[in-house]
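J.: Could you work out the structure for the sequence below:
(2 chains)
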Amino acid sequence: NAGVTQTPKFQVLKTGQSMTLQCAQDMNHEYMSWYRQDPGMGLRLIHYSVGAGITDQGEVPNGYNVSRSTTEDFPLRLLSAAPSQTSVYFCASRTRQASYEQYFGPGTRLTVT
Amino acid sequence: DAKTTQPTSMDCAEGRAANLPCNHSTISGNEYVYWYRQIHSQGPQYIIHGLKNNETNEMASLIITEDRKSSTLILPHATLRDTAVYYCIVRVAKSYNTDKLIFGTGTRLQVFP
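T.: The predicted structure is shown next:
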């Protein structure tokens, strides 16, 4: 298993540009989440999904959209990038039963200028 | 979810036990204690979790006090590869339709030769 994969690893955007961060998992996990990590602030939940077709907001959802059309994929969209969205983004997944153990991807480092 | 308090940083000599404390004085009866770690530039990694009994796995041991207001993660023989930020998280084990691990700022453990 590849586990949780994220692309790209690094990205630089200009203010106002849009892009999609990709996340995929091959473990057939029902739950998937997106977090952002900023210096001194730990990880903060952006959006999550409990299954295909079901998504919900986390702590910091503004400026981000998600969809979950398949079990495997959970893309995160930035419609109009802002410098405040400069961060490292992590995708995670887990099974419905094992709520204690999330598997995280390697992260995407995004810079918005 | 209960709030946790951890020291900002700790040092440990290679080969010695690393004991990482966590205070969670407002923990509720149905809340578990989870530990994750994050090695530099990687996604967080699950270590261990527990409710009230002490737990051990191949990575670490978790000691929870009888009143459950604090816990200690023990890495029995720390290696240089254990240098990471360690997060103590308290939450209800299963919440249907929510998936929210609240990561604080954690403890930065430095293992030295």
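J.: Distance-wise, check the closest residue to residue A:7 other than its chain neighbours relative to chain B.
T.: Across the structure, with Cβ to Cβ, 6 or more residues apart in numbering or on different chains as the measure, the residue nearest residue A:7 apart from its sequence neighbours is residue A:22 (4.6 Å). For every residue, glycine as well, the C-beta is placed using N, CA and C. Between residue A:22 and chain B the computed distance is 15 Å (Cβ to the nearest Cβ, to the nearest Å).
J.: just checking, next helix/strand downstream of the strand or helix carrying residue A:22?
T.: Here residue A:22, judged by DSSP states H and E, is contained in strand A:19-25. Along the chain past strand A:19-25, the next helix or strand (assigned with DSSP H and E) turns out to be strand A:31-37.
J.: Distance from the chain centre to the helix or strand following that following strand, please.
T.: Scanning forward in sequence from strand A:31-37, with DSSP H and E defining helices and strands, the next element found is strand A:43-51. Here the centre of mass of C-alpha atoms in strand A:43-51, compared against the chain's by Cα atoms, centre = their mean, to the nearest Å, lies 7 Å away.
J.: Between strand A:31-37 and strand A:43-51, find me the angle.
T.: For strand A:43-51 and strand A:31-37, the angle between their directions (axes from the mean of the first three to the mean of the last three Cα atoms, to 10 degrees) works out to 160 degrees.
J.: What residue in chain A comes nearest to chain B?
T.: residue A:104 (3.0 Å; Cβ to the nearest Cβ).
J.: most remote residue from chain A's center?
T.: No residue in chain A sits farther from the centre than residue A:97, which is 21.0 Å out by Cα atoms, centre = their mean.
J.: can you tell me the helix or strand for that one?
T.: Using DSSP H and E, residue A:97 maps to neither a helix nor a strand.
J.: about what we covered before: got the contact list for the residue of chain A closest to chain B?
T.: Counting by Cβ atoms under 8 Å, 6 or more residues apart in numbering or on different chains, residue A:104 touches A:4, A:90, A:91, A:92, B:43, B:44, B:45.
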